[in-house]
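**Q** no sequence for this one, just the structure:
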């Protein structure tokens, strides 16, 4: 069985994090997002993988190459024009001649979930749609299942009949390509995979498989935090760098080569510290924190449940919680990130000029690349800061801030 991962999108909804980095290469749990799905496929016995690439395709090719370094074989299909998911799936018609697993590139599946799909396919010997349950199904394709077979699909209904939704992962038989060939463009000018599935269902069974492991659709930047938490569960201890005998470590952590944990530092796992990064002295790293390469968390600084990307500095007396910081950011000493509203209600985020719910009770800042803050600056809950922005000494940043802004 081959694996096929759809990773051609521009990731505009993930801005500012994707201003310079293609979405599949955004770091989660210490590695690019796409690596986790490739590893899950490999552990399920799927080692021939096709990547559909598009925006900044060369960076993805450079990172993954032919797949040998990851224990798989990778080939690429480039989508010049994005015409819908059915069109994307149909692009491999000449490359597969048996059942294949297809994953959306922005969906997080655990290794056990992928293995479970493969086992279910062996039993039913037909096309499978992975399913999951969510609190707000109106955002997704809502699925009705009877006796293990999908009977209806309704995209983003106002009044969902169930809370069971399409999880964005399939095992498809080659007959899907005939259904795609019969699919016509929708009113929005795309070939919708939902229409293709309906045509398939008219001729044969489309089986539903309810995932047992955790699942998340990474649609917005703050979704990376939940993906990070899920993928860091069960983290195994691996210390290649230096951890001072005067540091305290509770739980499992990974410390890459060249990294240093200095005296007085206190780390609660799961936590990941990348190559040549430095923690402390007297720094506090709390669970579900992933720190990239060449980073610094300074004296008496605290980082909690966050992703700190390569080359970013969080110096002394700073606090960062429930946040994603892009590459090469530099926080001035004493920078504080608020991550909880005073009324403790859901954090709202300004997107395209309107407030939307983040679905999170705690959310700090989503910070693009090359942002600098002055000493004692403050960042409000749910703030998005565009790349290249400067926040002055003692300034307050809040809302959504455009790239290369100056806040004083």
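**A** Structure's in. What do you need? A quick note: this is a predicted structure, and the numbers were derived from the prediction, not measured.
**Q** Which residues are in contact with residue 346?
**A** With contacts defined as CB atoms under 8 Å, 6 or more residues apart in numbering, residue 346 is in contact with 357-361. Using the backbone N, CA and C atoms, a C-beta is placed for each residue, glycine as well.
**Q** Could you save these as TSV and add columns showing secondary structure?
**A** Converted to TSV, the contacts of residue 346 look like this (DSSP: H, G, I helix; E, B strand; the rest coil):
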residue	secondary structure
357	strand
358	coil
359	coil
360	coil
361	coil
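**Q** Could you provide the residues you listed in a markdown table, with additional columns for neighbour count and distance to residue 222?
**A** What follows is those, written out as a markdown table (neighbours: other CB atoms under 10 Å; distance: CB to CB, whole Å):
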| residue | neighbour count | distance to residue 222 |
| --- | --- | --- |
| 357 | 12 | 11 |
| 358 | 22 | 5 |
| 359 | 15 | 8 |
| 360 | 18 | 6 |
| 361 | 13 | 12 |
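**Q** quick check, nearest of the residues you listed to residue 191?
**A** Lowest distance from residue 191 to these (CB to CB) belongs to residue 359, with 30.0 Å.
**Q** where does that closest one fall, phi/psi-wise?
**A** Dihedral pair for residue 359: phi 80, psi 10, per degrees, to the nearest 10.
**Q** so what's it closest to, chain neighbours aside?
**A** Leaving aside its sequence neighbours, residue 359 sits nearest to residue 346 (CB to CB, 6 or more residues apart in numbering; 6.8 Å).
**Q** where's the one you found relative to residue 136, distance?
**A** 12 Å (CB to CB, to the nearest Å).
**Q** mind checking the SS state of residue 49?
**A** For residue 49, the assignment made with three-state DSSP gives strand.
**Q** what do you get for residue 42?
**A** On the three-state scheme (three-state DSSP), residue 42 is labelled helix.
**Q** Strands of the stretch 101-250 of the chain, residue ranges please.
**A** Along the stretch 101-250 of the chain, counting by DSSP state E, counting those that start in this stretch, strands occupy 107-109, 128-133, 141-146, 149-155, 164-172, 207-210, 215-217, 238-239, 242-243, 248-250.
**Q** For the second one, which outside residues touch it?
**A** When contacts are defined by CB under 8 Å, 6+ apart, strand 128-133 is touched by residues 109, 113, 117, 120-121, 143, 145, 150, 163-172, 197, 206-211, 215.
**Q** ditto for the fifth one
**A** The list of residues contacting strand 164-172 from outside it, by CB under 8 Å, 6+ apart, reads 1, 89, 99-104, 106-107, 109, 113-114, 117-118, 121, 127-134, 137, 140-145, 153, 208, 210-211, 215, 217.
**Q** Narrow those to those that are buried.
**A** 1, 89, 99-104, 106-107, 109, 113-114, 117-118, 121, 127-132, 134, 137, 140-143, 145, 153, 208, 211, 215, 217 (16 or more other CB atoms under 10 Å).
**Q** What segments of the protein are helices?
**A** Per DSSP state H, the chain carries helices over the ranges 33-43, 57-64, 85-90, 111-124, 176-181, 193-201, 223-232.
**Q** just checking, what packs against the fourth one?
**A** Helix 111-124 makes packing contacts with helix 33-43, strand 100-104, strand 128-133, strand 164-172, strand 207-210 when contacts are defined by 3 or more CB pairs under 8 Å, 6 or more residues apart in numbering; DSSP states H and E.
**Q** Work out the sheet partners of the third one and label each with its direction, please.
**A** Neighbouring strands of strand 128-133 in its sheet, by DSSP bridges, are strand 164-172 (antiparallel), strand 207-210 (parallel).
**Q** right, and those strands - which one's nearest residue 322?
**A** Short answer: strand 164-172, nearest of these by CB to CB, at 25.0 Å.
**Q** quick one, that closest one and helix 193-201 angle?
**A** 70 degrees (axes from the mean of the first three to the mean of the last three CA atoms, to 10 degrees).
**Q** distance between strand 164-172 and the chain's centre?
**A** Here the centre of strand 164-172 is set off from its chain's centre by 17 Å, with CA atoms, centre = their mean, to the nearest Å.
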